[in-house]
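In: pasting the sequence and the predicted coordinates here, then a few questions.
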Amino acid sequence: MKTLLHTCCAPCSIQCVESLRQEGVEPVMFWYNPNIHPFTEYEGRRNALRDYASIQKLELIEQGGYGLRRFIAGVGTNFDERCEYCYSARLKEVARYAAEHGFDCFSTTLLISPYQKHERIREIGEREAAENNVRFLYRDFRPLFRAGQQSAREMNLYMQKYCGCIFSEEERYRKRQGR
């Protein structure tokens, strides 16, 4: 089964890839994350993913480049619903690419994070699958989250401290300041 796996970062990818490999699926990794800011964070996550893909001998497709303006324009002033836009934009792109390049299905490493809106990711993935005539491979990878984080530390891969968007960085800062 030819599977395109949207990857948000290396730490979230590790156990998703391992789990799929245990099923006999060799995923092709797909980097498309215009939400990640600032550029140094984008670059750090992308480079860690490149390192991980090289170590694991995984094919990695990079799409879209740094997307600050595209992401901000998509969110507009709807800051509280930014995750909806973020999930939709990324899953739309991975579904489109999968359909156009002959993949049987696609999935996302977002499904491993206990911090993401899991059911909404699933709904959007299934919607984009239907619109692009390609299957969404749903897996609840959340039980593997901590093991993936530990593996990333052992591999000395970059470990991010927030979701990725400028708004989640602001929230992290405000929490540290007690605001």
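Out: Done, it's in. Numbering: from 1, shown residues only.

In: quick one, strands of this structure?
Out: Along the chain, counting by DSSP state E, strands occupy 3-6, 28-31, 60-62, 105-108, 135-136.

In: of the ones you listed, flag the one that's most buried.
Out: strand 105-108 (a mean of 26; mean count of other Cβ atoms under 10 Å). For the C-beta atoms, the positions are set from N, CA and C on the backbone; glycine is no exception.

In: can you pull the pLDDT of the closest residue in space to residue 153 that isn't next to it in sequence?
Out: Leaving aside its chain neighbours, residue 153 sits nearest to residue 159 (6.7 Å; criterion: Cβ to Cβ, 6 or more residues apart in numbering). We have a pLDDT of 89 for residue 159.

In: again with residue 79
Out: 81.

In: what's the burial count for residue 87?
Out: Counted with other Cβ atoms under 10 Å, the neighbours of residue 87 add up to 22.

In: quick one: contacts for it?
Out: Going by Cβ atoms under 8 Å, 6 or more residues apart in numbering, residue 87 touches 110, 117, 120-121, 124.

In: tell me how far it lies from residue 139.
Out: Here the criterion is Cβ to Cβ, to the nearest Å. By it, residue 87 lies 16 Å from residue 139.

In: also residue 119?
Out: 14 Å.

In: give me the more crowded residue out of those two.
Out: A count of neighbours by other Cβ under 10 Å puts residue 139 above the other of residue 119 and residue 139, at 16 against 8.

In: ok, residues contacting stretch 16-29?
Out: Outside stretch 16-29, the residues touching it (Cβ under 8 Å, 6+ apart) are 1-5, 7, 13, 49, 53, 56, 58-61, 103, 107, 109, 111-112, 137, 139, 141, 144, 148.

In: tell me the contacts of the closest residue to residue 169 other than its chain neighbours?
Out: Spatial nearest neighbour of residue 169, excluding adjacent residues (Cβ to Cβ, 6+ apart): residue 162 at 5.1 Å. For residue 162, the contact set (Cβ under 8 Å, 6+ apart) comprises 168-169, 171-172.

In: now, these that are in helices?
Out: 168-169, 171-172 (DSSP state H).

In: many thanks, have a good one.
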